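J.: have a look; sequence and predicted model below, questions after that.
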Amino acid sequence: CLATLIIMLVGDTYTLINYVSFINYLCYGVTIIGLIVLRWKKPKIFRPIKVNLLIPITYLAFWAFLLIFSLYSEPVVCGVGLIIILTGVPVFFLGVYWRNKPKCVNRLIESMTCWGQKLCFVVYPQGGGAEEE
């Protein structure tokens, strides 16, 4: 989010759209690859929607073409897009992977979460928290 804000202040909107497009296509492709891997490794789990594997494989062929063409035509934009994605790695390690955090770090993360929820209008009602499934 911080990197995107800096890019918006420094660059133009067209470049920002290119960064986000590359990131979106990359994430879509990784999602489809995950779908195929799960269909192969865990064929018996419940799936509300099940499609023929030819559809995601065809999608991946077009996805690979678009990604390779993007990397060839605008390598700097794709590199910046990858850097934007990689800025989430420290957040993952601080928030998810690191289990035995000091209390001050937990308080900081909780206050940032609360602030972000209020900013985006996603605060849970006072009476209860998130519904558990």
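T.: Cool, the structure landed. Computed from a predicted model, the values in this text were never measured in an experiment.
J.: can you tell me how far the closest residue to L67 other than its chain neighbours is from K41?
T.: Of all residues not flanking L67 in the chain, Y25 sits nearest, at 6.0 Å (C-beta to C-beta, 6 or more residues apart in numbering). Every residue, glycine included, has its C-beta placed from N, CA and C. The gap separating Y25 from K41 is 25 Å, by C-beta to C-beta, to the nearest Å.
J.: of those two, who's got more company?
T.: Using other C-beta atoms under 10 Å, the more surrounded residue of Y25 and K41 is Y25, with 16 against 8.
J.: what strand or helix carries the more buried one?
T.: Per DSSP states H and E, Y25 falls inside helix 13-41.
J.: pLDDT of that helix, averaged?
T.: Averaged over helix 13-41, pLDDT sits at 85.
J.: which elements pack onto that helix?
T.: If contacts are counted by 3 or more C-beta pairs under 8 Å, 6 or more residues apart in numbering; DSSP states H and E, helix 13-41 sits against helix 2-10, helix 54-73, helix 75-86.
J.: so what's K101 up against?
T.: 94, 109 (C-beta atoms under 8 Å, 6 or more residues apart in numbering).
J.: point out where this protein drops to low pLDDT.
T.: Along the chain, the model assigns pLDDT under 70 to residues 1, 3-4, 6-8, 10-11, 124-133.
J.: what helix or strand does F46 sit in?
T.: Using DSSP H and E, F46 sits within no helix or strand.
J.: ditto for I109
T.: I109 belongs to helix 103-119, assigned by DSSP H and E.
J.: please save the CA atoms from that helix in PDB.
T.: C-alpha atoms of helix 103-119 as PDB (Å, rounded to 0.1, in the frame of the first residue of the first chain):
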ATOM      1  CA  LYS A 103       3.300  -7.900  23.400                       C
ATOM      2  CA  CYS A 104       4.300  -4.500  22.100                       C
ATOM      3  CA  VAL A 105       4.400  -5.900  18.500                       C
ATOM      4  CA  ASN A 106       1.000  -7.500  19.000                       C
ATOM      5  CA  ARG A 107      -0.400  -4.300  20.300                       C
ATOM      6  CA  LEU A 108       1.000  -2.400  17.400                       C
ATOM      7  CA  ILE A 109      -0.400  -4.800  14.900                       C
ATOM      8  CA  GLU A 110      -3.800  -4.800  16.600                       C
ATOM      9  CA  SER A 111      -3.900  -1.000  16.600                       C
ATOM     10  CA  MET A 112      -2.900  -0.800  12.900                       C
ATOM     11  CA  THR A 113      -5.700  -3.400  12.100                       C
ATOM     12  CA  CYS A 114      -8.200  -1.400  14.100                       C
ATOM     13  CA  TRP A 115      -7.200   1.800  12.400                       C
ATOM     14  CA  GLY A 116      -7.400   0.200   8.900                       C
ATOM     15  CA  GLN A 117     -10.800  -1.200   9.600                       C
ATOM     16  CA  LYS A 118     -12.100   2.200  10.700                       C
ATOM     17  CA  LEU A 119     -10.500   3.800   7.700                       C
END
